[in-house]
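In: Need a 3D model of the following:
(chains A, B, C and D)
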There are 2 protein chains.
Amino acid sequence: MRLEDRKRAVLCAVVEEHIRSAEPVGSEHPVLLEHLGCSSATIRSAMAALEDEGLLTHPHTSAGRVPTDYGYRVYVDMVLAGPLPASERQAIRRDVGHVAGDATDLGDQAAHILSLVTRYASVVAPAGLRQQTFDSLHLLAQGPGRALAVITTSAGTLQGRLIDLPPGVAAADLEQLSRVITQRLHGMRIADLTQERLEQVIGEASRDQQLVDAVKAWLRRDLARGSRPRFHVEGARHLLNEPEFSRPEAATQVLSALEEHTVLAQALAAVPEQGVWIAIGSENRLAELRACSVVAAPYGVGHDAGGTVAIVGPTRMRYRRAVAAVQYVADRLTEALRRSA
Amino acid sequence: MRLEDRKRAVLCAVVEEHIRSAEPVGSEHPVLLEHLGCSSATIRSAMAALEDEGLLTHPHTSAGRVPTDYGYRVYVDMVLAGPLPASERQAIRRDVGHVAGDATDLGDQAAHILSLVTRYASVVAPAGLRQQTFDSLHLLAQGPGRALAVITTSAGTLQGRLIDLPPGVAAADLEQLSRVITQRLHGMRIADLTQERLEQVIGEASRDQQLVDAVKAWLRRDLARGSRPRFHVEGARHLLNEPEFSRPEAATQVLSALEEHTVLAQALAAVPEQGVWIAIGSENRLAELRACSVVAAPYGVGHDAGGTVAIVGPTRMRYRRAVAAVQYVADRLTEALRRSA
DNA sequence: GTTGGCACTCTCGTCGTGTGAGTGCCAACC
DNA sequence: GGTTGGCACTCACACGACGAGAGTGCCAAC
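Out: Residues are numbered from 1 along each chain as shown, chains lettered A, B, ... in the order given. The predicted structure follows:
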């Protein structure tokens, strides 16, 4: 579809004014008149055409025009084709501090910054353990019959806990077993460590078979558990200030989606491996997000380390700023991870 | 203050009916009449007396009565003096699964259960690292110039990260230093590990002074960082269904408090070391929570391990159920921690 | 393709009005 | 003294009518 210039200009102006004011935009709106430099009658006919094509609607006869989801889509595609305005980038760089710290905090920080800068809800969804590769295992004697078991992954994630040992295990055995398991599993994707695989690879890694079994059981349980997503969500409160969520039912719907991390994971499943991804209103597969737009980008290097950052806001979103912010934070996260790797 | 029986009965009935219906309760309300077994005129005079004493108000002349914060307080003190009804306990036990898993997940689970059962917002606030006691330190060689540094606490918390080492550190040195530091710091409160203290205790724990300095610097930073609270908050969405939070401004206020964990920490600072703690409306020190009641209880054994669980809801809260739920979940958490200790 | 003019439509805010819920007071009763 | 029925009084709120104003669509002229 190719819009003539006048119609494009009208669409842009209507969308941007509506984003600013949250009100329907009429053909006699001073901003439109000034910005487009033509009469209201001309604007009217352009608007009528845009409405025929499904880019605008009006809530009722004597109200101004409002973009449809499709209208936002066309607008977004048009606007994002060009480079992001430097002003947005600068504003964001000015607002945020720098992102630093270890992998655990990173998510919290990023979510905080994103919602601070955009005033929408932000989500940082680190890839689960299952997406990462095994780095090393350490078994550390910790009192009688107890050991501290720690797994590290290539992304620097740490997962550990105290496990019970069969009686009479020597420290040397722990050390030897740690070494052997690390050696054999290093570099494997954790998702690939099925029960059979574990059995096969480390089934007889130590002369103390009871010990091997205890460690195997723990590994199996703990690695499986790592599949549950654990997201950082912040700034849901900002959504309540948006008129589209002033009805409690509307607000509840979004908040539910944001609090159910497994649901959220589905919503973000479609994010590609690079670039900024946008889902506008009805483009979202999740019914709960039909009133929202989601702007998301992956971070990290390859499949391995990272995850996804996203913003959830009304379809009437400041897309330019949202995209710039998501992009920026994803870049900073990637950088921080690469530094610590 | 000693209320005569009739007034007590009226207060209870009004509070409970109002909690149920969220509407002002009039003197001719069928439930009151039936429950109290007297005429509406009698109820009226009791209500007038209760209003004089500041336990009830009415929003306007021709509306029914509504409890004041103080009215709720008197009600709560009256009701909680007796034992919790078995029905509540049973209902809760039926609704929840069991709480299990490692310390990291426990909080999430507990928060989930609490908000599921009560339909209010729930908070699980584990005591920061600073409140715990140091158990052990492990330094594990991890590639050239790198080590995995892990601290454990008596509560089973694990904190670790990769640190950079000065060049040419031998594995034996790492091991020796780990042993020495563990020995010297074991059993100390982490809050007490100030810079001077660290200097004094482990200043020259190894012949490799550069290594000692690197580890010291990391310890200082990481232990200080541990003071930032990291809470599990869930079910904020439920609050939106309560009529007192249907105004976006009211909802924003609570959500802000729930999302600002440092703020939340202040709100929960007054929770005593045992028993269930209740703050009703204006009893909350935080202005953002003036429309809310908070029901909280500590969990864990002594100062050491645990933390605080809490429910945040409207002052028009189902207190019996809330108290039973908080109590129950706190007990289960304590139990789970004790099992794993 | 653009413009000014004009009649038409429909929402929204305002203003009365009446209804009903709930109260307070009082006199009578137990 | 506590309890009761009766009764007048007071407001909030729902309802309906009305007018103003915003915005549209169409048309003829440029």
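In: What backbone torsions are found at the residue lying closest to A:Glu242 once chain neighbours are set aside?
Out: Nearest residue to A:Glu242, sequence neighbours excluded (C-beta to C-beta, 6 or more residues apart in numbering or on different chains): A:Pro314, at 4.8 Å. Quick note: C-beta positions are derived from backbone N, CA and C, even for glycine. The phi/psi pair for A:Pro314 (degrees, to the nearest 10) reads phi -70, psi 160.
In: Same question for A:Thr57.
Out: The phi/psi pair for A:Thr57 (degrees, to the nearest 10) is phi -140, psi 170.
In: beta partners for the residue nearest to A:Glu242?
Out: Per DSSP bridges, the residues bridged to A:Pro314 are A:Cys292.
In: That one against A:Ser246, yeah?
Out: No. Contact criterion C-beta atoms under 8 Å: A:Pro314 and A:Ser246 do not qualify, at 10.8 Å.
In: Against B:Ala147, how distant is A:Gln131?
Out: Separation of A:Gln131 from B:Ala147 (C-beta to C-beta, to the nearest Å) stands at 26 Å.
In: repeat for A:Ser206
Out: Counting by C-beta to C-beta, the gap from A:Ser206 to B:Ala147 is 25 Å.
In: Quick one: low-confidence residue ranges for the stretch 151-300 of chain A.
Out: Along the stretch 151-300 of chain A, segments meeting pLDDT under 70 span A:156, A:225-229.
In: residues from it in reach of DNA strand C?
Out: Nowhere does the stretch 151-300 of chain A come near DNA strand C, counting by C-beta under 7 Å from any atom of the strand.
In: Helices of the stretch 151-300 of chain A, start to end?
Out: Here the stretch 151-300 of chain A has its helices, by DSSP state H, counting those that start in this stretch, at A:171-185, A:195-202, A:209-225, A:236-240, A:248-259, A:261-267.
In: got the angle between the fifth one and helix B:248-259?
Out: Orientation note: helix A:248-259 sits at an angle of 20 degrees relative to helix B:248-259 (axes from the mean of the first three to the mean of the last three C-alpha atoms, to 10 degrees).
In: okay, the helices of the stretch 151-300 of chain A, which one's buried deepest?
Out: helix A:236-240 (a mean of 25; mean count of other C-beta atoms under 10 Å in any protein chain shown).
In: Report all helices and strands that that helix contacts.
Out: Packing partners of helix A:236-240 (3 or more C-beta pairs under 8 Å, 6 or more residues apart in numbering or on different chains; DSSP states H and E): strand A:121-126, helix A:248-259, strand A:307-314, helix B:248-259.
In: State the distance from the residue nearest to A:Glu242 to A:Thr57.
Out: 16 Å.
In: more neighbours, the two?
Out: More neighbours surround A:Pro314 than the other of A:Pro314 and A:Thr57, with 20 against 15 (other C-beta atoms under 10 Å in any protein chain shown).
In: how about A:Ala330, secondary structure?
Out: helix (DSSP: H, G, I helix; E, B strand; the rest coil).
In: mind listing what it touches?
Out: The contact partners of A:Ala330, taken as C-beta atoms under 8 Å, 6 or more residues apart in numbering or on different chains, are A:Ala297, A:Pro298, A:Tyr299, A:Val309.
In: Let me know the closest of those to B:Arg8.
Out: A:Val309 (55.8 Å; C-beta to C-beta).
In: I figured that closest one was touching A:Gln327, is that so?
Out: No. Contact criterion C-beta under 8 Å: A:Val309 and A:Gln327 do not qualify, at 9.4 Å.
In: Looking at chain A, which residue is nearest DNA strand D?
Out: As assessed by C-beta to the nearest atom of the strand, DNA strand D sits closest to A:Gly26 within chain A, at 2.9 Å.
In: quick one: which of A:Val309 and A:Gln327 has more around it?
Out: Between A:Val309 and A:Gln327, counting by other C-beta under 10 Å, A:Val309 is the more crowded of the two (32 against 19).
In: Check the gap between that one and A:Pro83 for me.
Out: 21 Å.
In: residues from the stretch 201-341 of chain A in reach of chain B?
Out: A:225, A:230, A:234-237, A:240-241, A:245-246, A:248, A:251-252, A:255-256, A:259, A:340 (C-beta under 8 Å from any C-beta of the partner chain).
In: ok, now with 10 Å
Out: Applying C-beta under 10 Å from any C-beta of the partner chain, we find that the stretch 201-341 of chain A lies next to chain B at A:221-222, A:225, A:228, A:230, A:233-243, A:245-261, A:340-341.
In: do the same with the stretch 51-200 of chain A
Out: Neighbours of chain B within the stretch 51-200 of chain A, by C-beta under 10 Å from any C-beta: A:101-105, A:108, A:112, A:115, A:121, A:135-136, A:138, A:140, A:142-143, A:148-150, A:152, A:156, A:158-162, A:178.
In: Buried ones among those residues?
Out: A:101-105, A:108, A:112, A:115, A:121, A:135-136, A:138, A:140, A:142, A:148-150, A:152, A:156, A:158-162, A:178 (16 or more other C-beta atoms under 10 Å in any protein chain shown).
In: In strands, which of these fall?
Out: A:121, A:135-136, A:138, A:140, A:148-150, A:152, A:158-162 (DSSP state E).
In: Of these, which pair is most distant in space?
Out: A:Ala121 and A:Leu140, at 40.4 Å, using C-beta to C-beta across these.
In: Who are the contact partners of A:Val66?
Out: A:Val14, A:Val15, A:His18, A:Ala22, A:Glu23, A:Pro24, A:Val25, A:Leu56, A:Thr57, A:His58, A:Pro59, A:Arg316 (C-beta atoms under 10 Å, 6 or more residues apart in numbering or on different chains).
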